[in-house]
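Chemist: Sequence and predicted structure, then a few things I'm wondering about:
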Amino acid sequence: MQLKLNGIWLVLIILTGVFSLLFLWFTLFPGRPSPEISQYFSARQVSQGRDYVRGMRLVFIGGFITQTVFLLWLVFGGRAVAISRWIQQFTGGGLVSYVAFFLVLWLLLRLINLPFDLFGSYYWQHRWGFSTQSLGNWWLDYFKSAGLEVVLSAVGVALLFWIIGRWSSAWWLVGAAFLSLWLVVQSYLWPVLVSPLFNRFEPTKDPAVIAMVDELSQKAQLPVDRVLVMDASQRTTKANAYFTGLGSTRRIVLYDNLLADYPADEVRAVVAHEMAHWSKGHIIQGLGLGILANFIIWGLLFIILKTTIPSPYGHYPPYTWAVIVLFMALVSFAASPVMNHFSRNMEFEADRVGVQLTGDAPAAERLQVNLATKNLSDVAPPAYIEWFSYSHPPALARIKAIQQAAK
Ligand SMILES: [Zn+2]
């Protein structure tokens, strides 16, 4: 039995193909960086950053292309249908057959991705002196996150096919509503239930940091009562910080590396930036955007399943899951410039508001230079790569925006 490769698929495949080939091209031939960067970065820093980042980009695009080609072959080459039939005979059908098919596909995709995972998050990180993890610990992380993923996804798959069976024409609305609810619940619970499985989070004990946080939260008129330090140094030498959670689980998280390796005024700039995310409601905005995208994607999914899978009785067989995974992979890849556009705008806004809060633009600029140098960022990436894949603006753009905001 052949699945129908219709117009929507063709558009998605062509778009994804063009985007990924361009990504590969600009990864291999990034061109000359803008001469302006020499004001802030040495030639050596720029070329080192580019060498490090090239490896990461190749892993990303290599993994994506391999996985997508495999899924295309599976879905449109008839293999998914064959595996699905075999599983149905073996399990006798029912919800179990859907979960079994999901497990087989999940395992295959994990295996295909393993060399890319291992290279990008272990080998390459060691090669550049970022990783502080032993191979044993890396595997421990890998199995923990894989275990969490397989359990949560299996429940999701069972729920999805139950919903499809129960609401044959409105399942996409019910599914989108469920997933939206899950996005909200997850944002609320993740920092308190899941993140602690991987890291330790402790309130800052340093009186100077506590005083600085108090000072900024009073200025920002925000009840920031949770600034936690994460033991990031057990995995990496890179520094970072983030804002996460919803309502009572909201928190600013600082890597212990940041506190150890960066001067106090730059840490203050980081905290102000994260507070700006908080005060501007960026988590809620991100959620709102995610929920909107969710409904659009589920609507498209409804159409694509209806037009791809021959189902005379309105009943979708287990291999439907492979079609869904392929569709989601293509859509999320093709839509990533849109999502990243919104994300970069929020980052610019957080930088601006952060500088207004501290009144210390030079520290914010030095922070950008320091972070980019120590973390080996590509400070001025090719415009296409930035447009397509950067969730944060590159260092040079951020420095310029900070100078603008301080004027
Ligand atoms: Zn940010």
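Modeler: That came through fine.
Chemist: For the chain, list the residues in contact with the ion, please.
Modeler: E347, A350 (CB under 5 Å from the ion). Quick note: C-beta positions are derived from backbone N, CA and C, even for glycine.
Chemist: Output the below-cut-off pLDDT ranges for the chain.
Modeler: Along the chain, segments meeting pLDDT under 70 span 1-2, 312-314.
Chemist: show me where the chain has strands.
Modeler: Listed in chain order, the strands found in the chain under DSSP state E are 201-203, 227-230, 241-244, 251-255.
Chemist: which one of these is the most hemmed in?
Modeler: When the strands of the chain are scored by mean count of other CB atoms under 10 Å, the highest mean neighbour count falls to strand 251-255 (a mean of 23).
Chemist: got the contact list for that one?
Modeler: Here strand 251-255 makes contact (CB atoms under 8 Å, 6 or more residues apart in numbering) with 191, 201, 204, 224, 226-230, 232-233, 238-245, 267, 270-271, 274-275, 278.
Chemist: go on, stretch 92-112?
Modeler: Defining contact as CB under 8 Å, 6+ apart, one finds that stretch 92-112 is touched by 66-67, 70-71, 74, 80, 83-84, 87-88, 90-91, 146, 150, 153-154, 157-158, 161-162, 318-319, 321-322, 325.
Chemist: next one: stretch 263-270
Modeler: Counting by CB under 8 Å, 6+ apart, 208-209, 212, 216, 241, 254, 258-259, 262, 354-355, 358, 360, 363-364, 366-367, 370 sit against stretch 263-270.
Chemist: So how do I select the buried members of those residues in ChimeraX?
Modeler: Entered in ChimeraX, the line below selects the buried ones among the contacts of stretch 263-270, by 16 or more other CB atoms under 10 Å:
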select :209,212,216,241,254,258,259,262,354,355,358,360,363,364,366,367,370
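Chemist: Can you list the residue ranges for helices in the stretch 1-150 of the chain?
Modeler: For the stretch 1-150 of the chain, the helices defined by DSSP state H, counting those that start in this stretch cover 7-28, 43-76, 79-91, 95-118, 124-127, 135-166.
Chemist: Need those in CSV (columns: mean neighbour count).
Modeler: Compiled in CSV, these are given as follows (neighbours: other CB atoms under 10 Å):
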stretch, mean neighbour count
helix 7-28, 15
helix 43-76, 17
helix 79-91, 17
helix 95-118, 17
helix 124-127, 16
helix 135-166, 14
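Chemist: could I get those helices as TSV with distance to F302?
Modeler: Formatted as TSV, those follow (distance: least, CB to CB, whole Å):
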stretch	distance to F302
helix 7-28	11
helix 43-76	17
helix 79-91	19
helix 95-118	18
helix 124-127	40
helix 135-166	10
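Chemist: among these, which is nearest E386?
Modeler: helix 7-28 (9.7 Å; CB to CB).
Chemist: Counting by contacts, list what the closest one packs against.
Modeler: helix 43-76, helix 282-308, helix 320-334, helix 383-389 (3 or more CB pairs under 8 Å, 6 or more residues apart in numbering; DSSP states H and E).
Chemist: can you put the ones you listed in a markdown table and add distance to W171?
Modeler: Shown next, in a markdown table, are the helices and strands packed on helix 7-28 (distance: least, CB to CB, whole Å):
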| stretch | distance to W171 |
| --- | --- |
| helix 43-76 | 20 |
| helix 282-308 | 7 |
| helix 320-334 | 12 |
| helix 383-389 | 32 |
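Chemist: need the contact list for G55.
Modeler: Each residue near G55 by CB under 8 Å, 6+ apart is listed here: F119, G120, W124, R127.
Chemist: sorry, that was for W171
Modeler: Contacts of W171 (CB under 8 Å, 6+ apart): I163, I164, F302.
Chemist: hmm, 10 Å instead?
Modeler: Neighbour list for W171: L160, F161, W162, I163, I164, G165, W298, L301, F302, L305, Y316 [criterion: CB atoms under 10 Å, 6 or more residues apart in numbering].
Chemist: what's the spacing between the third one and V174?
Modeler: When you say that, I think you mean W162. Plainly put, W162 is 10 Å away from V174 if you go by CB to CB, to the nearest Å.
Chemist: for the last one, same thing?
Modeler: Distance of Y316 to V174, given as CB to CB: 15 Å.
Chemist: The two - which one has more neighbours?
Modeler: For Y316 versus V174, neighbours defined as other CB atoms under 10 Å are more numerous around Y316 (21 against 15).
Chemist: Phi first, then psi, for the more buried one.
Modeler: phi -100, psi 130 (degrees, to the nearest 10).
Chemist: Was I right to think it contacts I304?
Modeler: No. Contact between Y316 and I304 fails when scored by CB atoms under 10 Å: they sit 11.9 Å apart.
Chemist: Give the residues shared as contacts by those two.
Modeler: Here Y316 and I304 have V323, I324 as joint contacts, going by CB under 10 Å, 6+ apart.
Chemist: And the helices of the stretch 1-150 of the chain: which comes nearest K400?
Modeler: Closest of these to K400 is helix 43-76, at 16.5 Å (criterion: CB to CB).
Chemist: quick check: angle from that closest one to helix 79-91?
Modeler: 60 degrees (axes from the mean of the first three to the mean of the last three CA atoms, to 10 degrees).
Chemist: now the angle from helix 43-76 to helix 320-334?
Modeler: Here the directions of helix 43-76 and helix 320-334 differ by 150 degrees (the same axes, to 10 degrees).
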